[in-house]
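J.: coords please:
(4 chains)
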Number of protein chains: 2
Amino acid sequence: MALRGYASVKSGFSPARALKLWHDVALTRVRGGIGDLTERQMLILLTIYLETPPHTVRGLAAKLGVTKPVITRALDTMGAMGLVTRKRDPADKRNVIIQRTVDGALYVEALAETIVKHADDGRA
Amino acid sequence: MALRGYASVKSGFSPARALKLWHDVALTRVRGGIGDLTERQMLILLTIYLETPPHTVRGLAAKLGVTKPVITRALDTMGAMGLVTRKRDPADKRNVIIQRTVDGALYVEALAETIVKHADDGRA
DNA sequence: CGTATTAATTGCGGCTCCGAAACAAAGGGG
DNA sequence: CCCCTTTGTTTCGGAGCCGCAATTAATACG
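T.: Predicted coordinates for the structure are as follows:
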């Protein structure tokens, strides 16, 4: 089979191609000076934009396995960048609801495009 | 045909799946406490392990679009982690040759496995 | 009511990173 | 041999993130 067990299994994604994808996307982001977000912050942002609302500080902290201050400060930073917004829950004013923004959606969409584009590279 | 333009084109990689992949990998790394490397550092490490040697500080800085101190410091950090090694070029002692290590190879390999594993998730 | 519990934020000390510039070491040319 | 260029490192000042612990605000409950 000469395929070494990859490329024909499920995803057609060999380790070598996976690493090249990671490298290419990182290169695009670093060269573009878009690398402002920590891996944690990126994780938080993606969770907000991928999973179904509502999102709270407590919920995100538990789901991602980090402490609450990490979430709070990440929201500060990303809020200043315009990527997310905070709102107090009217029902229970202790809770903070994290909301998406247009700029945040654009940011996430741009990341997705970068990934897809490089995932196609070197493909037939 | 009902595939919405994706999934059958080149990579079978829709934007949604690309984002989920990024999210899942980041989650694995953050939860595992392996998120020690900056995006820049990760880029440097992958370049060292993917592109053909020899690698120099100057070469990496030019290729990745960052300043030389960034490379020097990243090598300090990753050197302390045992992921790379430095050696002076015997031919031209101004140059520093960056070399791979067993631990570095294992680290990169583990990342590749994580990516491939999550790329397969949700796949048929 | 008054106290305990829960949610989120903030203060503090420590660590790392960054960019620009200064610095040391090595090579090349006249 | 001296000077200029190249390579990499270090210094300096500034900024950000982290974890832990204390704090503020709101709710639940006896």
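
J.: what's the average pLDDT for stretch A:114-124?
T.: For stretch A:114-124, the mean pLDDT works out to 79.

J.: what does it contact?
T.: By Cβ atoms under 8 Å, 6 or more residues apart in numbering or on different chains, the residues outside stretch A:114-124 that reach it are A:17, A:20-21, A:24-25, A:28-29, B:9-11, B:13-15, B:18-19, B:21-22. The way it works is simple: take the backbone N, C-alpha and C, and place the C-beta from them, glycine included.

J.: alpha carbons only: can I get it in CSV?
T.: Provided in CSV are the C-alpha atoms of stretch A:114-124 (Å, rounded to 0.1, in the frame of the first residue of the first chain):
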residue,chain,number,x,y,z
THR,A,114,-6.4,30.8,6.9
ILE,A,115,-6.6,27.3,8.1
VAL,A,116,-8.7,26.1,5.2
LYS,A,117,-6.5,27.7,2.7
HIS,A,118,-3.4,26.1,4.1
ALA,A,119,-5.1,22.8,4.6
ASP,A,120,-5.7,22.8,0.8
ASP,A,121,-2.1,23.5,0.0
GLY,A,122,-0.2,20.6,-1.3
ARG,A,123,-3.5,18.8,-1.8
ALA,A,124,-4.4,17.4,-5.2
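
J.: quick one on the thing from earlier: for ChimeraX, what selects the buried ones among the contacts of stretch A:114-124?
T.: Selecting only the buried entries of those in ChimeraX, with 16 or more other Cβ atoms under 10 Å in any protein chain shown as the criterion:
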select /A:17,20,21,24,25,28,29 /B:11,13,14,18,19,21,22
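
J.: A:Asp103: neighbour count?
T.: A:Asp103 is flanked by 13 other residues according to other Cβ atoms under 10 Å in any protein chain shown.

J.: remind me which residues of chain A are low pLDDT?
T.: Along chain A, the model assigns pLDDT under 70 to residues A:1-12, A:35, A:122-124.

J.: residues of it that sit close to DNA strand D?
T.: For chain A, the residues in contact with DNA strand D (Cβ under 7 Å from any atom of the strand) are A:38, A:40-41, A:66-67, A:69-70, A:73-74, A:76-77, A:92-94.

J.: nearest to B:Gln99, of the residues you listed?
T.: Using Cβ to Cβ, A:Thr38 comes nearest to B:Gln99 of the residues of chain A next to DNA strand D, at 28.6 Å.

J.: strands of chain A, start to end?
T.: A:84-88, A:96-100 (DSSP state E).

J.: tell me the most buried of those?
T.: Comparing these by mean neighbour count (mean count of other Cβ atoms under 10 Å in any protein chain shown), strand A:96-100 ranks first with a mean of 17.

J.: and the angle for that strand with strand A:84-88?
T.: Interaxial angle of strand A:96-100 relative to strand A:84-88 (axes from the mean of the first three to the mean of the last three Cα atoms, to 10 degrees): 150 degrees.

J.: related to what we said a few turns ago, could you list which of the contacts of stretch A:114-124 belong to helices?
T.: A:17, A:20-21, A:24-25, A:28-29, B:15, B:18-19, B:21-22 (DSSP state H).

J.: which among these gets closest to A:Val84?
T.: Looking across the ones in helices among the contacts of stretch A:114-124 and measuring by Cβ to Cβ, the closest to A:Val84 is B:Leu19, at 15.7 Å.
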